[in-house]
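[1] Fold the following.
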Amino acid sequence: LIKRVLSFMLVFTVIFVCSCNNKPGDDKKPELKDIIIGSDEYRPYIFNDENGNFSGIDVELATEAFARMGYRAVFKKIQWSVKNELLESGEINCLWGSFTMTGREDLYTWAGPYLNSVQSILVPFDSPIYTINDLNGKSIALQATSKPDEYFSELLNENKIKLDYLYCFTDVNNVFAALRKGYADAVAGHKTMLEEAIKIYPENSYRFLKENIAAVQIGVAFLKGTNQKIADELTVKLNDMLSDGTTRTILEKYGLDFNLATEGLI
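    Predicted coordinates for the structure are as follows:
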């Protein structure tokens with residue numbers, strides 16, 4: 001009987017000690033640190049869904065990549081033309097939203113590239129414009145501070161083209177609206193974004209010029225000279241996602257060709 005009592009007391013003591021060592025909340029995952037990502041709306045890369053939540057290719061890529069690093073991706077909608085000021089003030093930690101890295105390598109601390117893209121020109125299907133030279137005397141709309149803005153501004157400064165008007169909009173949604181309403185003869189931007197914009201219109205309403213502005217790569221931009229360690233680790237995680245099938249799943253969900261979007265990156 002004494003042996004049984006002692007055995008019971010020993011078991012009870014072990015259970016009691018183990019229970020005391022497990023403090024409330026010990027089984028919960030540690031909270032992730034927030035990292036603030038600035039972007040404007042740029043379908044299908046980033047947009048607000050019907051419930052007002054941030055959605056899109058870059059939202060899903062950022063959420064997964066930063067989670068693997070111990071961060072919680074928090075998106076903040078910004079005015080794209082003041083993106084650099086927001087980085088400098090610390091209001092946002094990085095820029096992520098189909099942001100062209102090509103030609104801007106020395107302007108930011110970069111993670112990536114993680115996707116390929118093409119900057120293209122879109123016109124109405126019955127337009128007489130077939131080449132970039134055909135834009136002489138015409139009007140074109142694009143987003144301010146974008147790659148097409150840099151491209152056409154340089155052509156104008158070097159007198160290589162003469163446009164009737166160069167419309168630069170802060171909000172990318174106004175770019176396609178200018179074409180649709182007849183204010184502009186053409187628009188320019190990431191081809192995937194423009195393809196998304198014309199999905200709701202009948203076939204043969206619009207067409208792309210065969211001549212593209214540029215083939216580019218896109219990345220994640222941090223303020224120049226800062227966050228190099230985070231950027232390097234993020235590049236590793238994005239490469240891991242390219243290799244393990246995560247990026248393919250996300251791209252195909254939004255109708256993108258994985259092989260075309262990632263050629264040369266893996």
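[2] In the stretch 1-150 of the chain, what residue spans correspond to strands?
    33-39, 47-48, 54-55, 71-77, 94-100, 108-124, 139-143 (DSSP state E, counting those that start in this stretch).
[3] Ser243 contacts Leu265, correct?
    No - taking contacts as CB atoms under 8 Å, Ser243 lies outside contact range of Leu265: 10.0 Å. (C-beta placed from N, C-alpha, C; glycine too.)
[4] Of the two, which one has the most company?
    Ranked by neighbour count (other CB atoms under 10 Å), Ser243 and Leu265 place Leu265 first, with 15 against 11.
[5] I'd like to know how far the more buried one sits from Met101.
    Counting by CB to CB, to the nearest Å, the gap between Leu265 and Met101 amounts to 12 Å.
[6] Need the residues touching each of these two.
    Each of 113, 217 lies in contact with both Leu265 and Met101 under the rule CB atoms under 8 Å, 6 or more residues apart in numbering.
[7] Strands of the stretch 151-266 of the chain, residue ranges please.
    Per DSSP E, counting those that start in this stretch, the stretch 151-266 of the chain carries strands over the ranges 165-169, 186-190, 206-208, 214-223.
[8] residues contacting Ala144?
    Counted by CB under 8 Å, 6+ apart, Ala144 has contacts 80-81, 168-170.
[9] Now do the buried residues in stretch 224-234.
    Residues 226-227, 230-231, 233-234 are the ones in stretch 224-234 that count as buried (16 or more other CB atoms under 10 Å).
[10] cool, and stretch 123-138?
    Across stretch 123-138, burial judged by 16+ other CB under 10 Å covers 123-124, 127, 129, 132, 134-135, 138.
[11] And stretch 66-86, by the same measure?
    66, 68, 71, 73-75, 78, 80-81, 83, 86.
[12] And stretch 49-66, by the same measure?
    Residues of stretch 49-66 classed as buried by neighbour count (16+ other CB under 10 Å): 54-66.
[13] Let me know the closest of those to Glu158.
    Minimum distance to Glu158 across the buried residues of stretch 49-66 is 33.1 Å, recorded for Asp58 (CB to CB).
[14] Excluding chain neighbours, give the residue nearest to the closest one in space.
    Of all residues not flanking Asp58 in the chain, Tyr45 sits nearest, at 4.4 Å (CB to CB, 6 or more residues apart in numbering).
[15] State the number of residues packed around that neighbour.
    There are 26 residues near Tyr45, going by other CB under 10 Å.
[16] what does Asp106 give?
    When neighbours are defined as other CB under 10 Å, Asp106 has 7 of them.
[17] contacting residues for it?
    Contact analysis of Asp106 by CB under 8 Å, 6+ apart lists Lys224.
[18] Determine how far the last residue of stretch 254-266 lies from the first.
    20 Å (CA to CA, to the nearest Å).
[19] give the contact list for the residue lying closest to Trp110 once chain neighbours are set aside.
    For Trp110, ignoring the flanking residues on the chain, the nearest one in space by CB to CB, 6+ apart is Gly219 at 4.7 Å. Gly219 sits next to 99, 101, 110-114 when contact means CB under 8 Å, 6+ apart.
[20] which residues touch Glu252?
    Residues near Glu252 by CB under 8 Å, 6+ apart: Phe258.
[21] Quick check: buried residues in stretch 241-254?
    241-242, 246-248, 250-251.
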